[in-house]
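Student: no letters, just coordinates:
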């Protein structure tokens, strides 16, 4: 099975998100894992960095968080402001 076909099959099974499939196709699969976080999708970008939906692998919890900058991420693997996606209290704390 070729790479494109395999990616298509994993997408169809729900094993990859469209964002993850795009990263794999572009040869950027290593960028999907930062520390304990598996990036699921990009939500948006702004002056503070890029906001992602991610899965904390050890806690098995979906969170949102900001990758502060590409250089900072490459140097130190930093994600800031990680909050449970279902928690409004965390949203209040980060403002």
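Tutor: It's in. Every value quoted in this text rests on a predicted model; they were computed, and no experiment measured them.
Student: give me the low-pLDDT residue ranges for this protein?
Tutor: Counting by pLDDT under 70, the chain has low-confidence residues at 1, 68-95.
Student: look through the chain and tell me its longest strand.
Tutor: For the chain, the longest strand by residue count, based on DSSP state E, is strand 37-46.
Student: next secondary structure after it?
Tutor: Using DSSP states H and E, the next helix or strand after strand 37-46 towards the C-terminus is strand 49-56.
Student: now the angle from that next one to strand 37-46?
Tutor: 160 degrees (axes from the mean of the first three to the mean of the last three Cα atoms, to 10 degrees).
Student: so what strands line up beside strand 49-56?
Tutor: According to DSSP bridges, strand 49-56 forms sheet pairs with strand 37-46 (antiparallel), strand 61-67 (antiparallel).
Student: list the buried residues of the shortest one.
Tutor: The neighbour-count criterion (16 or more other Cβ atoms under 10 Å) identifies 63, 64, 65, 66, 67 as the buried residues of strand 61-67. (C-beta placed from N, C-alpha, C; glycine too.)
Student: relative to residue 32, how far out is the last one?
Tutor: Just to be clear, that refers to residue 67. Distance, residue 67 to residue 32, by Cβ to Cβ, to the nearest Å: 12 Å.
Student: which residues does the closest residue to residue 44 other than its chain neighbours contact?
Tutor: Leaving aside its sequence neighbours, residue 44 sits nearest to residue 51 (Cβ to Cβ, 6 or more residues apart in numbering; 5.0 Å). Listed by Cβ atoms under 8 Å, 6 or more residues apart in numbering, the contact partners of residue 51 are 42, 43, 44, 45, 64, 65, 66.
Student: can you name the residues bridging to the closest residue to the second one other than its chain neighbours?
Tutor: Read it as residue 43. Leaving aside its chain neighbours, residue 43 sits nearest to residue 51 (4.4 Å; criterion: Cβ to Cβ, 6+ apart). Beta-bridge partners of residue 51, counted by DSSP bridges, are residue 44, residue 66.
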